[in-house]
Every structure is written in C-alpha cells, then in structure tokens.
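J.: Return atomic coordinates for the entry below.
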Amino acid sequence: MENNPFVNIFNAPELKKRLLFLLGALAVFRVAAAIPIPGINTDVLRQLFAAHENGILGFMNIFSGGALGKFSILALGIMPYINASIIISLVRGAHIFPALDRMHKEGEAGRRKENQITRIFTLFLAALQGSMMTFAITKVQGAGGVAAVVNPSVFFFITTVLTLCAGTMFVMWLGEQITEKGVGNGISLIIFAGIVDRLPSAIMEVINRVKADEMDFFMALVIFAAAIIITGLVVWLETAQRQIPVQYAKRQVGNKMYGGQTSYLPLKIDQSGVIAVIFASSVISLPLTIASFNREAPWAQRLLEFMNHNSVWYMVLFSALIIFFCYFYNSMTINPADLADNMKKWGGFIPGIRPGEPTKNYIEWVMNRLTFCGAIAVCLISVLPDFFRAQFNVDFYFGGTALLIVVGVALDTVSQIQAHLLARNYEPLLKGSRKIKGRWFNVGQ
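T.: Presented below is the predicted three-dimensional model:
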C-alpha cells in the first residue's frame, strides 16, 4: 500500500492541503459560473444556444463551462487574460518595446512587473469585449420577438459591463491562487473544469439519441471507440520526446577525474502542449462570438458563413493559428544558443557535431522539424470534431480542442503531483542525515 500513489497523496499533508485548495477553488468557479446577470431572459439564450449548438456559440459555451450560455457573471471567462498574454508576448517577441525585453530579463522582479502590465491590459480587453458582448445581446430576440434583455437601458449596459469585467478579474485572480497554493497551472485547470463539467451531459446525449433511434447503436460504439483511440494518441503525443545524446568530455580537477558520461537533451514533439491550442481558440473565437450575437448584420452573416465550423476555411485558419503558436511558443521557451553555450561551458558536445555555432544550428534543425510534426498532429486532432459533425452528424463533443486541453492539463497536473510526492520521499533522507565537512552522513534516528 505504501507504493500506491493515491494513498501517498493522503499521507503527504502539504500535497493534501494543495489538492483540497484546488478542489475548493474549482467549486467556487463552478458556482460563480452558474450565477446569471440580472435582467437576462435565460429562455431566449437557451433557444439561441440550442439552435447553434454545433456552431461557434456552442463551442464557446463548452469552452466557458456553460457560463456564456447562461450569460453569467463569468461569461467572458479567462479569454481576455489569455488574449492579453498573447499580445504582450507577441510585442515582446517582436522587440517593439525594448523596456519589455529588459523587464523580462530582470528575473523575478521583472516578471512581476510584466504580470502587472498584463493584468491592466486584461482589464482593458475585458471592458472592450464586455461592451461589445453586452451591446450584441441587447439585439438578440427569441421566438415571437421576445428580447433576451428585459430592459436594455443605459444602467443595464453599465452594470453588465462592470460585472463582466469583475468576473474576468476574479477568474484571473483565482487562477493565480490555484497556481500558487494549489497544484498545476491555474488558468489551464479552470478551462479544464469548464470542459469536463459538460462531459457527462454529452455522454448522456449520445445515449438518449440511441434510445430514441436517432442514432444507430453501432455508430455510437464507433464514436466511443474513436474517442478512446484518439485519447491514447493524444497521450502519446503529449509524452513523446526526441532525445539528443550529449557526451561530456573527461576533465581532471585536482586528483579527481570528472565527466566522461553520456546524457540526453529531451525535446518534446508537442513542446507547447495545450498552450498553442488555447491561444488559437481564443484568437479565432473573439470575432466569431461578436458576430454570433449580431446575426442580423450583413457583415456578421458573411463572416459566420465564411467561418462556419464545417467549412474548409475555418479548419485552415484554425490550423494555421495552431502552427503559428506552436512555433512562437517554442521560440519563446527554448533558446538553442543558450543550450549550445551551456554545453560548451560544461564540456559537453553532441557526437558528430562541433561545439558552438554548429551545435546551435543542429538543435534548431531538430526543433523546427519536431515542431512541424507536432503542430500537424495537433491540427489533425483539433479539426476531428468538425469533420465528424459534417460527415456523420455527431453532436457529442469528443476529441479536438477539448480533448487536447483535458489530456494535456491532466498529464501536467499528474506530473506535478508526482514531483511533490518525490520531493516528500527525499525529506526523510535529509532529516536523518548531517553534513560534515561538505559530505552527508547518515546519523540514524
């Protein structure tokens, strides 16, 4: 039983405390996501989202955990923060403002300043998106001409925008608290919770359709089998690595010989994980969400027709954004020049490759090809739901963006839990040891 990871979690007080905080924070998020903004006719919104369940509105509603469908106080969700992070990262990567570059290189203090700028920009984007969304929902009408907003006054507009902004800032703060006091990445876990919350209802929907003879039983089995296979492929994609061998030359320091060992430089096939998918979804959803609430406008009709989820153009644009953010994220997180310099400093080299510039070029060559293969695989998985909807009229939202996010976040969270457990297992060794003249000796109990 001592080797059971599930039992070990409850034997680690610090980890148990973090997990309880995580569960409590996610419960608060789910409760807040169910609180609608006053003055909204939820029946009209229910009709709107039911009629466009397989369109961009249905996708965004799943992505927000149902908050958008209720037009709750968290209807904007975390999207303004993600968009702000994207824009700040792009501006820094393009070296438009040298002050941002210097700030990013100042260590922890610089990152705190950059985070503060991102928060302020998030508030600006939340006010902008909230204003557009509030104005758009005042134009929505249901069956019989019933308006979605009971009293679309100036007071309603101002209070709704302020509420949406406060909801976004609350979700952003909650995500940061989860990252600091819980386990895993808070922002990703909030998106994860919103998607998983819809999973039971999606499964029941398929079962009910089979009972009502709206779907063939064999087709339902094919759907669930495909979901299991795709989940396995996503797990493989998120864990697959290319290991570049690194040989360290022998060197003598005093009377001792160091080096002569072989290690590996691990490069993941999907280095960006769920970040590229989340970024691409956030960018493409903003204009489509605004257009979905303004269906009567000619520009909105053209945009929605052109960017329909079943259209080739939507799949091409979505895939192009995923590929771009895969390359962009890798360029921001991995610096081949630094890797090559560190290898050279410690006497390491890649067999058959000269140290210095040739090593940097080789790492770049490997990274570019790994990123391309990983990005193509992510694109294929992301557009699978749209393909199944178009070909088989399948409403169950499996695979695609949702599956990549769920599996990626789950794997990352499990790895962090394992890291906490591993750190805890080393504590008794240090507590039962004493450092004497630079060496550790076991002193017993």
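J.: pretty sure Gly348 contacts Ile244?
T.: No: in this structure, Gly348 is not within contact of Ile244 by C-beta atoms under 8 Å, at 10.8 Å. Yep, even glycine has a C-beta here, placed from its N, CA and C like the rest.
J.: in the stretch 201-350 of the chain, which spans are strands?
T.: 241-248, 251-253, 256-258, 262-268, 348-349 (DSSP state E, counting those that start in this stretch).
J.: Out of the ones you listed, which one sits most buried?
T.: Among the strands of the stretch 201-350 of the chain, ranked by average contacts under mean count of other C-beta atoms under 10 Å, first place goes to strand 348-349 (a mean of 20).
J.: which strands and helices sit next to it?
T.: Packed against strand 348-349 by the contact rule (3 or more C-beta pairs under 8 Å, 6 or more residues apart in numbering; DSSP states H and E) you find strand 241-248.
J.: for the strand it packs on, what is the average pLDDT?
T.: Across strand 241-248, the average pLDDT comes to 85.
J.: Equivalent analysis for stretch 338-352, please.
T.: The model assigns stretch 338-352 a mean pLDDT of 83.
J.: Quick one: low-confidence residue ranges for the stretch 201-350 of the chain.
T.: Within the stretch 201-350 of the chain, the stretches with pLDDT under 70 are 250-260, 289-290, 292-295, 309-310.
J.: and what of the stretch 1-150 of the chain?
T.: Looking at the stretch 1-150 of the chain by pLDDT under 70, you get 1-8, 50-59, 62-63, 65, 94, 143.
J.: Which parts of it are helices?
T.: 5-11, 13-33, 42-51, 56-63, 67-70, 79-93, 98-104, 108-137 (DSSP state H, counting those that start in this stretch).
J.: mind putting these in a markdown table, mean neighbour count and distance to Asn335 included?
T.: As requested, the helices of the stretch 1-150 of the chain are exported to a markdown table (neighbours: other C-beta atoms under 10 Å; distance: least, C-beta to C-beta, whole Å):
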| stretch | mean neighbour count | distance to Asn335 |
| --- | --- | --- |
| helix 5-11 | 12 | 34 |
| helix 13-33 | 16 | 31 |
| helix 42-51 | 16 | 44 |
| helix 56-63 | 22 | 32 |
| helix 67-70 | 24 | 38 |
| helix 79-93 | 20 | 12 |
| helix 98-104 | 14 | 13 |
| helix 108-137 | 16 | 17 |
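J.: what comes up buried for stretch 153-161?
T.: Residues of stretch 153-161 classed as buried by neighbour count (16 or more other C-beta atoms under 10 Å): Phe156, Phe157, Thr160, Val161.
J.: Which ones among those lie within strands?
T.: Among the buried residues of stretch 153-161, no residue falls in strands (DSSP state E).
J.: Those residues into JSON lines, with extra columns for distance to Glu214 and pLDDT?
T.: Putting these into JSON lines (distance: C-beta to C-beta, whole Å; pLDDT from 0 to 100) gives the following:
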{"residue": "Phe156", "distance to Glu214": "40", "pLDDT": "89"}
{"residue": "Phe157", "distance to Glu214": "41", "pLDDT": "90"}
{"residue": "Thr160", "distance to Glu214": "38", "pLDDT": "92"}
{"residue": "Val161", "distance to Glu214": "41", "pLDDT": "93"}
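J.: out of those residues, who's nearest Met215?
T.: Top of the list for closeness to Met215, among those and by C-beta to C-beta, is Thr160 at 39.2 Å.
J.: check contacts around that closest one.
T.: Applying C-beta atoms under 8 Å, 6 or more residues apart in numbering to Thr160 gives the contacts Ile37, Gly39, Gly130, Thr134.
J.: One more: Gln261?
T.: Gln247, Tyr248.
J.: Tell me if I'm right that Pro287 and Leu303 touch.
T.: Yes: the pair Pro287 / Leu303 is scored as a contact, 6.7 Å apart, by C-beta under 8 Å.
J.: ok, back up a step: with distance to Glu214 added, can I get the contacts of Thr160 in TSV?
T.: Listed next are these as TSV, based on distance: C-beta to C-beta, whole Å:
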residue	distance to Glu214
Ile37	34
Gly39	36
Gly130	38
Thr134	37
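J.: Quick check: the farthest pair among these?
T.: Gly39 and Gly130 (14.7 Å).
J.: Run a quick neighbour tally on Ser272.
T.: Ser272: 24 surrounding residues under other C-beta atoms under 10 Å.
J.: For Met60, see how far away Ala297 is.
T.: Going from Ala297 to Met60 by C-beta to C-beta, to the nearest Å gives 18 Å.
J.: Tabulate the buried residues of stretch 153-161 (TSV), appending distance to Ala126.
T.: Listed next are these as TSV, based on distance: C-beta to C-beta, whole Å:
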residue	distance to Ala126
Phe156	18
Phe157	15
Thr160	12
Val161	9
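J.: ok, which pair from those is furthest apart?
T.: Phe156 and Val161 (9.6 Å).
J.: Tell me which of the strands of the stretch 201-350 of the chain lies nearest to Glu214.
T.: strand 262-268 (41.4 Å).
J.: now the top helix by length along the chain against helix 13-33, angle please.
T.: Counting by DSSP state H, the longest helix found in the chain is helix 400-431. With axes from the mean of the first three to the mean of the last three C-alpha atoms, to 10 degrees applied, the angle from helix 400-431 to helix 13-33 works out at 150 degrees.
J.: got a list of contacts for stretch 274-290?
T.: Taking C-beta under 8 Å, 6+ apart as the rule, stretch 274-290 contacts 56-57, 59-60, 63, 68, 79, 82-83, 86, 129, 132-133, 136, 188, 191, 300, 303-304, 307, 314, 317-318, 321-322, 324-326, 328-329, 375, 378, 382, 401, 404-405, 408-409.
J.: please redo it, this time with the cut-off set to 6 Å
T.: Contact with stretch 274-290 is made by 56, 60, 79, 82-83, 86, 132, 307, 318, 321-322, 325-326, 329, 401, 404-405, 408, as judged by C-beta atoms under 6 Å, 6 or more residues apart in numbering.
J.: Now do the buried residues in that stretch.
T.: So stretch 274-290, judged by 16+ other C-beta under 10 Å, has buried residues 274-286, 288-290.
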